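>>> coordinates for the following, if possible.
(one chain, ligands or ions: 3)
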Amino acid sequence: MPDQVVQKATFSPATYDVAEAKPNWCPGCGDFGIWVAVKMALAQLQLPPHEVVLVADIGCSSKMPYWVKSYGFQGLHGRAVPLATGVKLANQKLNIFIIAGDGGAYGEGGNHFLHACRRNLDMVYIIHDNGVYGLTTGQVAPTAEHGFKTKSSPEPVIEVPFNPLAIAISAGATYVARGFAGDVKHLVSILTSAHQHRGFAVVDVLQPCVTYNHLNTYQYYFQRTYKLDEDTSYNVGDKVAAFQKAQEWGEKIPIGLFYKADRSLYTDELPQVKDVQLAHQDRSNIDISSFLKSFA
Ligand SMILES: Cc1ncc(C[n+]2csc(CCOP(=O)(O)OP(=O)(O)O)c2C)c(N)n1
Ligand code: SF4
Ligand SMILES: [Mg+2]
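Ligands and ions are numbered 1, 2, ... in the order given. Here you go, the predicted structure:
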């Protein structure tokens with residue numbers, strides 16, 4: 001009998017399709033491009049669906065796990081990071097992608113964002129940056145440009161916009177990038193390298209909301225974005241240069257990898273998990289009754 005050849009499982013973007021359901025985003029929404037890019041990146045990385053967890057926030061963008069065949073978990077608005085932290089601490093073998101909108105990530109979850117950057121767990125944070133609270137019909141989000149008007153804020157925005165990349169770099173994120181939902185191929189390469197990075201990877205994605213944001217349109221970004229990766233003189237290890245680059249916005253908007261650094265993971269040093277992961281620890285003989293009694 002000839003030797004049996006064990007075929008290695010191969011995954012294509014279709015592996016992650018959910019046959020029963022199709023996304024209900026508005027036609028033309030940038031969320032479609034990001035959804036396709038996520039599935040293409042998972043395939044490129046050859047990640048088995050049962051080893052992937054999409055931990056989502058609340059919002060149009062955060063509906064993505066409904067339409068990706070993998071594990072999915074949706075929490076409260078602004079609270080995807082702590083949920084993902086719990087999942088990662090329990091089982092470091094899982095490949096975690098946090099899916100959130102700019103409102104959840106930088107507004108309601110802004111504090112979690114800062115501390116996740118300095119904590120450095122091994123996961124990818126994908127922020128759908130559309131400048132508005134899409135699901136609740138277009139109120140201004142933290143990245144909305146100065147002077148931007150919406151129906152809920154007819155007076156122009158007074159604040160300067162939140163700068164996610166500069167803040168992530170200053171707060172200690174070890175991988176900081178920007179993609180564009182209208183350039184799926186480029187976004188796939190960012191998401192793939194973000195996952196391959198050992199540490200907390202922040203990927204802010206420029207995402208046109210065709211219904212509520214008539215300023216930051218596809219055309220707006222097509223005219224302005226350029227690829228940082230094509231500038232051979234740019235050094236992704238130079239933190240000061242990355243911070244400076246993150247200030248560039250207007251006539252020209254860089255996309256690509258801004259900053260990358262190596263630092264030990266939170267889980268490398270956390271005594272409870274550094275040798276044996278929580279998911280694989282023996283829980284059969286744990287008696288918590290005296291602990292519970294202490295609350296009586
Ligand atoms: C704690 C809490 N506050 C407010 C809401 C209402 N709410 C649901 S989605 C949303 C805005 C979502 O905007 P964003 O996070 O930018 O995602 P998008 O819809 O733009 O993708 C808000 C305010 C909520 N669900 N929970
Ligand atoms: S409201 Fe905006 S973000 Fe939400 S699905 Fe429609 S286009 Fe997309
Ligand atoms: Mg939004």
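>>> contacts only, for the closest residue to residue 91 other than its chain neighbours.
Distance criterion CB to CB, 6 or more residues apart in numbering; nearest residue to residue 91, sequence neighbours excluded, is residue 279 at 4.0 Å. C-beta here means a position set from N, CA and C on the backbone, and glycine is covered the same way. Residue 279 sits next to 90-91, 93 when contact means CB atoms under 8 Å, 6 or more residues apart in numbering.
>>> in stretch 172-188, what's buried?
172-184, 186-188 (16 or more other CB atoms under 10 Å).
>>> now do stretch 121-137
121-135.
>>> now it: how far from the chain's centre is it?
Taking CA atoms, centre = their mean, to the nearest Å, one finds the center of stretch 121-137 at 7 Å from the center of the full chain.
>>> what's the average pLDDT for it?
Averaged across stretch 121-137, pLDDT comes to 98.
>>> over to stretch 18-29?
pLDDT averaged over stretch 18-29 gives 95.
>>> what about it, start to end distance?
Stretch 18-29 has an end-to-end distance of 19 Å (criterion: CA to CA, to the nearest Å).
>>> anything in it near ligand 3?
No: legend: contact between stretch 18-29 and ligand 3 by CB under 5 Å from the ion is lacking; minimum distance shown is 10.9 Å.
>>> name the residues of that stretch that are buried.
Applying 16+ other CB under 10 Å to stretch 18-29 flags 23, 25, 29 as buried.
>>> hang on, isn't the last one packed against residue 212?
No: counting by CB atoms under 8 Å, residue 29 sits too far from residue 212 to count as a contact (10.3 Å).
>>> just the buried residues of stretch 121-137: which are in strands?
123-129, 132-133 (DSSP state E).
>>> how about those residues, which pair is most distant?
Spatially, the most separated pair among these is 123 and 132, at 25.6 Å (CB to CB).
>>> how about residue 62: what's its closest non-neighbour residue?
residue 56 (4.0 Å).
>>> bridging residues for the one you found?
residue 74, residue 99 (DSSP bridges).
>>> low-scoring pLDDT stretches of the protein, where are they?
1-8 (pLDDT under 70).
>>> which bits of it sit near ligand 3?
Within the chain, the positions near ligand 3 by CB under 5 Å from the ion are 101-103, 130, 134, 141.
>>> and which of these is nearest ligand 2?
Nearest to ligand 2 among the residues of the chain next to ligand 3 is residue 134, at 3.1 Å by CB to the nearest ligand atom.
>>> distance of the nearest residue to that closest one once chain neighbours are set aside from ligand 1?
Closest residue to residue 134 apart from its sequence neighbours, by CB to CB, 6+ apart: residue 60 at 4.1 Å. Distance from residue 60 to ligand 1, counting by CB to the nearest ligand atom, to the nearest Å: 4 Å.
>>> just checking, residue 60 touches residue 24?
No: counting by CB under 8 Å, residue 60 does not reach residue 24; the two are 9.2 Å apart.
>>> interface residues of the stretch 1-150 of the chain facing ligand 2?
Within the stretch 1-150 of the chain, the positions adjacent to ligand 2 are 25-26, 29, 31, 60, 130, 134 by CB under 6 Å from any ligand atom.
>>> which among the buried residues of stretch 172-188 are in contact with ligand 1?
Okay, of the buried residues of stretch 172-188, nothing touches ligand 1 (CB under 6 Å from any ligand atom).
>>> circling back to that earlier point, tally of neighbours for the residue nearest to residue 62?
27 (other CB atoms under 10 Å).
>>> who's in contact with it?
Contacts of residue 56 (CB under 8 Å, 6+ apart): 62-65, 72-75, 80, 98-100.
>>> about what we covered before: now render the buried residues of stretch 18-29 as JSON lines, adding secondary structure and distance to residue 205.
Shown next, in JSON lines, are the buried residues of stretch 18-29 (DSSP: H, G, I helix; E, B strand; the rest coil; distance: CB to CB, whole Å):
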{"residue": "23", "secondary structure": "coil", "distance to residue 205": "16"}
{"residue": "25", "secondary structure": "coil", "distance to residue 205": "14"}
{"residue": "29", "secondary structure": "coil", "distance to residue 205": "12"}
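>>> quick revisit: and the furthest pair within the buried residues of stretch 121-137?
Of all pairs in the buried residues of stretch 121-137, the most separated under CB to CB is 122 and 132 at 30.8 Å.
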